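Undergrad: have a look at this prediction, sequence included:
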Amino acid sequence: MNAYLKFILRHRIFVLCLLVFITCASGYAISKGVIASSAAKLFLGESEGYHRYLQRIKEFGNFEVIAIAFHDDDPLSPQSRRRLEDAVTKIERQPGIERVSSVLSAQRIWSQGETLFVESYANLVEKNPDRAGPLAKMLAEDPVYSGLLISPDGRHNVVVVELALDENRAAESTPGLVNAVLESFTQAGFKTEDLFPVGFVTVMAEVMHQTINSFKRVFPLTLIVLLIAVFIMFRRLWPVAITSAVALTATAWTMGFAVMLDRQISILMAMAPIVILIVSFSDVIHLCSAYLLELEELNDKDEAINKSGVDVGRACLYTSMTTFVGFVSMSFVPTPVFRQMGLVLGFGVAVSLLIAMTLTPILFSYMKRPKAWRDGASVVQKGLDASLRYLSGFSIGKPWIIVAAFTVLTALSVYGISQLHIETDLTKRLREDNIIRISERYFNTHFPGANVLEVYVDLPNEGGVLDPEFFNTVSKFQDRVEALPDVHETISLVNLMEIIHREMNPASGLALPNTRMELSQYLLMFEMSGGEDLSRIIDFERKTMRINVYVKGWGVRGSYEIGEKVNALATEFFKAPAQVESTGIPYLIGQWLAELLAGQRRGILFAFTAIALMMIIGLRSMKAGLWSMIPNAIPLLVLGGYVGLAWENVDSDTLLLAMMAIGIGVDDTIHFLMRLKIESERTGDMTESLKRTFHFSGRAIVITSIILCVGFAPCAISDYLSLRIMGTLMPLTLFVALFADLLLVPALASLRVIRFKKRV
């Protein structure tokens, strides 16, 4: 470190020119990036089930839909039909739209003698205006459409807009699609406030909208807040200038690297600049703090630059390594976008340290010697000095009380963690007053099952589905599935055959045909009579049947758990060679969530193991290194305990926050213990070593912790939960880490649990 500092100061003009060149190159790379990522890349990029699902929907139709609900007391009246026809026509003209379903396309099935008739309710009303009331009642009671396209009371409608299959569709393009659909409604005479959009596509559209808007607001606000906090802590402008220069340069390099890895920047990756901006402030603050303190003891400015750089540089190297490990642990999540984010954030931490250790000493060398830190000390500085003196005295004088208090806190946290229930409900990531949350409540009130689980039953032989015994098995299977909690109803070819059989043979006493010939005839009659959408529930070769299971609620983990229950029931009802598979976007994301949680657990374990090893190497003591992990574990335990006790369901992104907090929270522990090691080797007296450690590192630890908390705080204004918890739970975690470092670590040192020998 000493040789490096001497080199960059000797060649500072060349080094500055090189920094400017790389920063300009990074800016050019950033200009070539675009925010664009498909839902598959965000969630399901490596899922075999997702690729099988794509093959399914190529044949059976896409369930990637935009659903719009609205109130209409008389949906089949001439005025309502004309208005809805106008909206549907406009929607169908939009690019990327495959088909539109509504009450206009709902078909009534009836018979006269031996003739089967299939015709839309809308056409029947147009031909028989005097029967509008009875037909509207029939539509609301129709088992195929009731609760799906029309509410059971007949006063609320749903228009389902199916998107054309495009597995590479950018998730960030979805807001435009949803807006185009909503504009088609308003142009047809619907009021915006009367439209309620739901569905995976609409949720993703709102998530993209909120996240991009939040990023545009949060990034500049974070920078401003950080700079104000630095000025308040130092009461001078030059630390503000240096921290902003280093932070913005590090952010530019990081995002330039991200674009070079992949020109298409995912919305998740767009959060990286905020994180790097905040983290990069830490190293500079420690350098500025150490430089001012060394100037108080040394008369030579160059010596103070070198000594502060060497002493702090070693600790900063270890803090950057541990933060790097924390971020890189995201790579254990089995999704390309998370691996890329872990790599980019790890790179950002590394370049932040490099730029801080390069640019900061050079700028120190060009500056005039600053006045002593405590000259004209502010109320903040005096309060900080008093607080550090109190914490130092309390931790050294009352170590057992501190250890007991942290033991109780840990026990409560472990209990809270035992109450954790992790779920991912994308709609719950939005605020209560968001249109998507309002629409969700509207749907849950009038349409009990809007979340679809798709179940495919495959048979090996052509025409195998048209077996009466198989139909009876499917019917019994559907009854058992409908008995599951949170399942509203199931729809399949069996339901269609029941309706046709009831119309054609009302006196038979059987719910379903009992011969293969009857089933084949019914299918032919339905198609010849103008029946539609048969291809969406059975394939052309009659080897596969699709059963749509309508699930209450929107949680993806809940969808996955129901899908697994359905799979378990399938093993009871269907025997080989029949094969049953549950799938669908919510189910697959729920399955991915289970893998994500497993990956996060592996990542956290890896991070703790790697950081413990680095602490052992850095402190050159296995005992001290292992004990040092206790104050690093406590903040994460408190985080898990708090959300486990305070929240009914904990969003999975909270665990990503924990992975980030591991690397960031350990930094202050490293600075404290590295300084304690230096002072212990110099003095050999633990009490004196602790006091000097509080003097040299305490201020910087408090300042960096406060500034990190302040830096993350603007994220709390976001309407999107994943950003909002960064502004609330991350400061909570960092404050717990701060008190663990300033109370528990010195208490353990006072009890000689952590100790270092005097250098001979």
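TA: Nice, I can see it.
Undergrad: give me the distance between the closest residue to Phe196 other than its chain neighbours and His446.
TA: In space, and not counting its chain neighbours, Phe196 is closest to Ser439: 3.8 Å by Cβ to Cβ, 6 or more residues apart in numbering. Yep, even glycine has a C-beta here, placed from its N, CA and C like the rest. From Ser439 across to His446, the span is 11 Å (Cβ to Cβ, to the nearest Å).
Undergrad: so what's in contact with those two at the same time?
TA: Common neighbours of Ser439 and His446 (criterion: Cβ atoms under 8 Å, 6 or more residues apart in numbering): Ala69.
Undergrad: out of those two, which sits in the more crowded spot?
TA: More crowded of Ser439 and His446, by other Cβ atoms under 10 Å: Ser439, with 23 against 20.
Undergrad: circling back: can you classify the residue nearest to Phe196 as helix, strand or coil?
TA: Recorded secondary structure, Ser439: helix (DSSP: H, G, I helix; E, B strand; the rest coil).
Undergrad: just use 12 as the starting number from now, easier for me
TA: Fine by me, first position is 12 from now on; the one you just mentioned is Ser450.
Undergrad: go ahead and confirm it touches Pro208.
TA: Yes. Ser450 lies in contact with Pro208 (Cβ atoms under 8 Å); the separation is 5.6 Å.
Undergrad: now the common contact residues for the two.
TA: With Cβ under 8 Å, 6+ apart, Ser450 and Pro208 have common neighbours Ala80.
Undergrad: on that earlier part again, residue contacts, the residue nearest to Phe207?
TA: Listed by Cβ under 8 Å, 6+ apart, the contact partners of Ser450 are Ala80, Phe207, Pro208, Val209, Thr213.
Undergrad: what residue spans form the domains of this protein?
TA: Domain assignment for the chain by automatic domain parsing gives 12-43+247-379, 73-215, 398-429+599-771, 456-594.
Undergrad: now those domains in JSON lines, with distance to Thr435 and mean pLDDT?
TA: Below are those laid out as JSON lines (distance: least, Cβ to Cβ, whole Å; pLDDT from 0 to 100):
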{"stretch": "domain 12-43+247-379", "distance to Thr435": "13", "mean pLDDT": "84"}
{"stretch": "domain 73-215", "distance to Thr435": "11", "mean pLDDT": "88"}
{"stretch": "domain 398-429+599-771", "distance to Thr435": "5", "mean pLDDT": "85"}
{"stretch": "domain 456-594", "distance to Thr435": "5", "mean pLDDT": "89"}
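Undergrad: nearest to Gln221, of those?
TA: The closest approach between Gln221 and any of the domains of the chain, judged by Cβ to Cβ, belongs to domain 398-429+599-771 at 4.4 Å.
Undergrad: from the chain's centroid, how far away is that closest one?
TA: Relative to its chain's centre, domain 398-429+599-771 lies at 24 Å (Cα atoms, centre = their mean, to the nearest Å).
Undergrad: same check on stretch 259-267?
TA: 23 Å.
Undergrad: go ahead and name everything in contact with it.
TA: Where contact means Cβ under 8 Å, 6+ apart, the residues beyond stretch 259-267 that reach it are 30, 33-34, 36-41, 44, 234, 276, 283-284, 287-288, 291, 355-356, 358-359, 362-363, 366-367, 370.
Undergrad: how about stretch 622-635?
TA: Stretch 622-635 is contacted from outside by 329, 332-333, 336-337, 636-637, 639-640, 643, 673-674, 677, 681, 684-685, 688, 765-767, using Cβ under 8 Å, 6+ apart.
Undergrad: then stretch 22-42?
TA: 19, 260, 263-264, 266-268, 270-271, 366, 369-370, 373, 376-377.
Undergrad: for Pro517, helix, strand, or coil?
TA: Under three-state DSSP, Pro517 falls in the coil class.
Undergrad: from Met539, how far out is it?
TA: 21 Å.
Undergrad: what does Val323 give?
TA: 83 Å.
Undergrad: who has more neighbours, these two?
TA: When Val323 and Met539 are compared for neighbours, Val323 comes out ahead with 30 against 10, by other Cβ under 10 Å.
Undergrad: thought Asn525 was touching Pro479?
TA: Yes. The criterion here is Cβ under 8 Å, and Asn525 meets it with Pro479 at 5.2 Å.
Undergrad: who has more neighbours, those two?
TA: The residue with more neighbours, out of Asn525 and Pro479, is Pro479; 17 against 13, by other Cβ under 10 Å.
Undergrad: tell me where the chain has strands.
TA: Using DSSP state E, the strands of the chain run over 45-46, 76-82, 108-112, 118-123, 126-131, 167-174, 207-209, 275-276, 433-434, 462-469, 498-502, 555-562, 590-594, 661-662.
Undergrad: just the ones you listed: most buried one?
TA: With neighbours defined as mean count of other Cβ atoms under 10 Å, these peak in mean count at strand 207-209, which reaches a mean of 25.
Undergrad: distance check, the residue lying farthest from the centre of the chain against His512.
TA: Distance from the C-alpha centroid of the chain peaks at Gly124, with 58.1 Å (Cα atoms, centre = their mean). Here the criterion is Cβ to Cβ. By it, Gly124 lies 16 Å from His512.
Undergrad: what does Gln430 give?
TA: 51 Å.
Undergrad: good, we can wrap up now.
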